[in-house]
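Asks: The amino acid sequence is not available; the structure is as follows:
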């Protein structure tokens, strides 16, 4: 069966990986080597130096590309290294339009690294994707979006963004970290590049830091691989092996993340101390209908704010939980709790944060795959 004809769960287990030709090992070996012996100058078995390519990483890149219905995949030392690669495709004077609700690390990379090299960034409310049109000019080259966004769970219409990008001959890149390819396929919706912080759901076990890019265009892929090799921010063979192992249960984990997320979101809605719950599965969530159209389920990421909006109340709750661990990151099998204003989004100035809803009392949950009843009881005791 060809990979394009496989259902998602079958792809997760089989796509991109094959038994080792030397031994028949069913798991891709960890090729922990920096270089490869050549029979003659330029006469080798497809590998010359592990920064350029490594068999374990190659298998992972093929696997992630297949999950996204893409032709070309590249893995990097972190999600930010993957974003860095995309921005290096641009030139001084180019302009980028991004969402105003953006992961703090992406914002920091845009503003403190690439802005000084002559790139200009616009941060736009994309609840109505057509707002993008107002910021497009002759220098615009890239639209960068997340959906759902981090941490407000805003839904951006990927297909409309793709139509706008094509109309103006722009690139559209989608950070698909929160949704994963299990829930959303941006390339199928018209995006040019999909980015993942593989650290999160794709790795899934809080033991790897990694990023990935996937695309379908050969010219774009050639540039992606050129920058990957030239800048050298590649991922290691051992980490590649761990993610290959994680991918095999991605569909199973995501099913449980979604089930638990739904149960906890509905529980939080009933709590007197909570002002707002942000989860795309609610019918009154902004752009819920778009989420239904472009996603197969609503995921395990939830944010909520407290009545009174007091920082000390939020800090008290994140201290009192027992099963939820107070930690950066998300997407692992264990449930995590975070305070965006002082953790993941601390790099964004307070007035900019609050414009998009990242207030002092906002708490973000990465709902794991434990028993939902235990997680709800933990939140109940922390709230009460």
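Replies: Right, received. Where do you want to start? From a predicted model like this one, the values you see are computed outputs, not experimental measurements.
Asks: so where's the stretch 1-150 of the chain shaky on pLDDT?
Replies: Within the stretch 1-150 of the chain, no stretch falls below the threshold (pLDDT under 70).
Asks: Please enumerate the strands of it.
Replies: Secondary structure of the stretch 1-150 of the chain (DSSP state E, counting those that start in this stretch): strands at 72-76, 95-99, 120-124, 140-146.
Asks: would a markdown table of those with distance to residue 348 and mean neighbour count be doable?
Replies: Using the backbone N, CA and C atoms, a C-beta is placed for each residue, glycine as well. Output for those, formatted as a markdown table (distance: least, CB to CB, whole Å; neighbours: other CB atoms under 10 Å):
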| stretch | distance to residue 348 | mean neighbour count |
| --- | --- | --- |
| strand 72-76 | 23 | 24 |
| strand 95-99 | 12 | 24 |
| strand 120-124 | 9 | 18 |
| strand 140-146 | 14 | 23 |
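Asks: Export those strands as JSON lines, with columns for distance to residue 254.
Replies: Shown next, in JSON lines, are the strands of the stretch 1-150 of the chain (distance: least, CB to CB, whole Å):
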{"stretch": "strand 72-76", "distance to residue 254": "19"}
{"stretch": "strand 95-99", "distance to residue 254": "23"}
{"stretch": "strand 120-124", "distance to residue 254": "29"}
{"stretch": "strand 140-146", "distance to residue 254": "18"}
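Asks: Of those, give the one that comes closest to residue 227.
Replies: The closest of those to residue 227 is strand 72-76. By CB to CB, the value is 8.8 Å.
Asks: Return the distance of the closest one from the chain's centre.
Replies: Distance, stretch centre to chain centre, for strand 72-76: 14 Å (CA atoms, centre = their mean, to the nearest Å).
Asks: next one: stretch 294-302
Replies: Using CA atoms, centre = their mean, the offset of stretch 294-302 from its chain centre is 13 Å.
Asks: mind listing what's buried in that stretch?
Replies: 294-295, 297-302 (16 or more other CB atoms under 10 Å).
Asks: State the distance spanning the first to the last residue of that stretch.
Replies: 18 Å (CA to CA, to the nearest Å).
Asks: What average pLDDT does it get?
Replies: Averaging pLDDT along stretch 294-302 yields 98.
Asks: quick one: furthest residue from the center of the chain?
Replies: Relative to the mean C-alpha coordinate of the chain, counting by CA atoms, centre = their mean, the farthest residue is residue 40 (41.7 Å).
Asks: closest one to residue 261 among the strands of the stretch 1-150 of the chain?
Replies: Residue 261 sits nearest to strand 140-146 of all these, at 17.3 Å, using CB to CB.
Asks: circling back: so for residue 234, which of the strands of the stretch 1-150 of the chain sits nearest?
Replies: Using CB to CB, the nearest of the strands of the stretch 1-150 of the chain to residue 234 is strand 72-76, at 6.4 Å.
Asks: Give the partner strands of the closest one in its sheet and their orientations.
Replies: Strand pairing for strand 72-76, using DSSP bridges, gives strand 211-215 (antiparallel).
Asks: Heading C-terminal from the strand it pairs with, find the next helix or strand.
Replies: Note on strand 211-215: by DSSP states H and E, the next helix or strand toward the C-terminus is helix 218-231.
Asks: Quick one: list the elements packing against that following helix.
Replies: Applying 3 or more CB pairs under 8 Å, 6 or more residues apart in numbering; DSSP states H and E, one finds that helix 218-231 contacts strand 72-76, helix 79-87, strand 211-215.
Asks: if you compare those, which one is most tucked away?
Replies: Of all the helices and strands packed on helix 218-231, strand 211-215 has the most neighbours on average by mean count of other CB atoms under 10 Å, namely a mean of 28.
Asks: outside of that one, which residues touch it?
Replies: If you take CB atoms under 8 Å, 6 or more residues apart in numbering as the criterion, strand 211-215 is touched by 61, 64-65, 68, 70-83, 85-86, 187, 192-199, 202, 221, 224, 235.
Asks: pLDDT averaged over it - what is it?
Replies: Averaging pLDDT residue by residue across strand 211-215 gives 99.
Asks: Could you check the angle that strand makes with helix 79-87?
Replies: On the basis of axes from the mean of the first three to the mean of the last three CA atoms, to 10 degrees, strand 211-215 is oriented at 40 degrees to helix 79-87.
Asks: Please parse this protein into its domains.
Replies: Domains of the chain are assigned by automatic domain parsing as 3-247, 250-383.
Asks: And the helices in the stretch 101-250 of the chain?
Replies: For the stretch 101-250 of the chain, applying DSSP state H, counting those that start in this stretch gives helices covering 104-108, 158-167, 180-183, 218-231, 237-247, 250-269.
Asks: Can you name every helix or strand that the second one contacts?
Replies: Of the remaining helices and strands, those touching helix 158-167 by 3+ CB pairs under 8 Å, 6+ apart are strand 140-146, strand 171-175.
Asks: and what of the longest one?
Replies: Taking 3+ CB pairs under 8 Å, 6+ apart as contact, the helices and strands that helix 250-269 lies on are helix 8-14, helix 180-183, strand 274-278, strand 301-306, helix 372-383.
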